[in-house]
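Participant: what's the 3D shape of this:
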Amino acid sequence: MKLALQLGYWGATPPGNAGELVAEAERLGWDAVFAAESWGSDAFTPLAWWGSATNRIRLGTSVAQLSARTPTGCAMHALTLDHLTGGRFTLGLGVSGPQVVEGWYGQPFARPLARTREYVSIVRQVLAREAPVRGDGPHYPLPYRGERATGLGKPLRAITHPLRADLPILLGAEGPRNVALAAEIADGWLAVYYSPRLAEQYNTWLDEGFGARDRTGFEVVASAQVIVTDQPERAVADMKPVLALYIGGMGAPELNFHAEVFRRMGYAAEVAAIGRLFREGDRERAAAAVPDELVHDIAIIGTAGHVREQVARWARAGVTTLLVGCRGVDELRALSEVWNTF
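Facilitator: Sure, this is the predicted structure:
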């Protein structure tokens, strides 16, 4: 199993120590660093900025949102960054949710799986550069053929030759059909709120997508807080406000993919209580309603010995990379010390 650093997306201001974290992760031999986007900072620019100061570490998006840019525009970002970093870029894609897609990007959210399939197909056409790019589907028609089309659109091939036609594409997915789609059309799965307790279920979804396809080389990149500490109770408590936000506030009550993940884990009653408290504006009680067991299901928190045992358990479950957020270089170093004892 490999280690990757999750920079995430920015809050009100850029993080002050991101460059230091990236440099230390590369020095310590971590495999990759990923950046995300929501409705503020974008996922590509931080990688270009911090990646320019590195030489070895891979750079990836987790995730770039489909509705933020057209598939050809996204492919331009990907091939540009791949050239600038000497073939170190990995493109992680995700659909986000209807509140962001329709409320921020002004795009329809309907049929996310069909949109993802079309999107990835066009990105791969751009990277392959075997022929002018065409899109025959209804979501990303190329050339454009809507009612306001001039009729002058022409299929085009990228001017710049991509460095790699096989640039890795990962899909962020939480539900069974999305996970199966990742296995079918992508090079890896970006797993949000992964729990090794449900590994058999995840592998069933993946196998459905693989079909007869060879699974060799497929990445399972699982986001997880991995904290080496003699005071796990404090670290668990620190995670609860963020979990309450994602369960109760990152999505509409009628459709919240994060909440669905935890319902599938068996926390339906707790999810309902957290959502109700969060919508009432009582974020403190919403965080308190997050069970300790839920945190331990999706995170690795404890002594060095406990972390070693749990990392081995996650690896047996099929995870190939742990994508970890760290607040400072001390956390990076502490985790690396444990990692080097395997």
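Participant: Confidence-wise, which helix or strand of the chain is lowest on average?
Facilitator: helix 257-264 (a mean of 89; mean pLDDT, DSSP states H and E).
Participant: So what's the residue count around the residue nearest to Gly328 when sequence neighbours are not counted?
Facilitator: Nearest non-adjacent residue to Gly328, counting by C-beta to C-beta, 6 or more residues apart in numbering: Asn17, 6.5 Å away. Placement of C-beta: from N, CA and C, glycine included. Neighbour count for Asn17, taken as other C-beta atoms under 10 Å: 12.
Participant: Over to Ile57?
Facilitator: Quick note: Ile57 (other C-beta under 10 Å) scores 22 neighbours.
Participant: same thing with the one 4 residues further on?
Facilitator: The tally of other residues near Thr61 (other C-beta under 10 Å) stands at 28.
Participant: got it, and Gln225?
Facilitator: If we define neighbours as other C-beta under 10 Å, then Gln225 has 21 of them.
Participant: Can you give me the distance of it to Val307?
Facilitator: From Gln225 over to Val307 the distance is 11 Å, taken as C-beta to C-beta, to the nearest Å.
Participant: so what sits against both of those two?
Facilitator: Ile300 (C-beta atoms under 8 Å, 6 or more residues apart in numbering).
Participant: what's the residue nearest to Arg88 when sequence neighbours are not counted in contact with, if anything?
Facilitator: Distances taken as C-beta to C-beta, 6+ apart place Arg58 nearest to Arg88, at 5.0 Å, with adjacent residues excluded. Neighbouring residues of Arg58 by C-beta under 8 Å, 6+ apart: Ala4, Asp31, Ala32, Val33, Arg88, Phe89, Thr90.
Participant: go again using 7 Å as the cut-off
Facilitator: Arg58 makes contact with Asp31, Ala32, Arg88, Thr90, according to C-beta atoms under 7 Å, 6 or more residues apart in numbering.
Participant: The first one: how many residues sit nearby?
Facilitator: It refers to Asp31. 20.
Participant: per-residue confidence for the residue nearest to it when sequence neighbours are not counted?
Facilitator: Leaving aside its sequence neighbours, Asp31 sits nearest to Lys2 (C-beta to C-beta, 6+ apart; 3.8 Å). On pLDDT, Lys2 comes in at 96.
Participant: pLDDT below threshold where in this structure?
Facilitator: Applying pLDDT under 70 to the chain picks out no residues at all.
Participant: center of it, which residue is that?
Facilitator: Closest residue to the average C-alpha location of the chain: Ser62 at 3.3 Å, with C-alpha atoms, centre = their mean.
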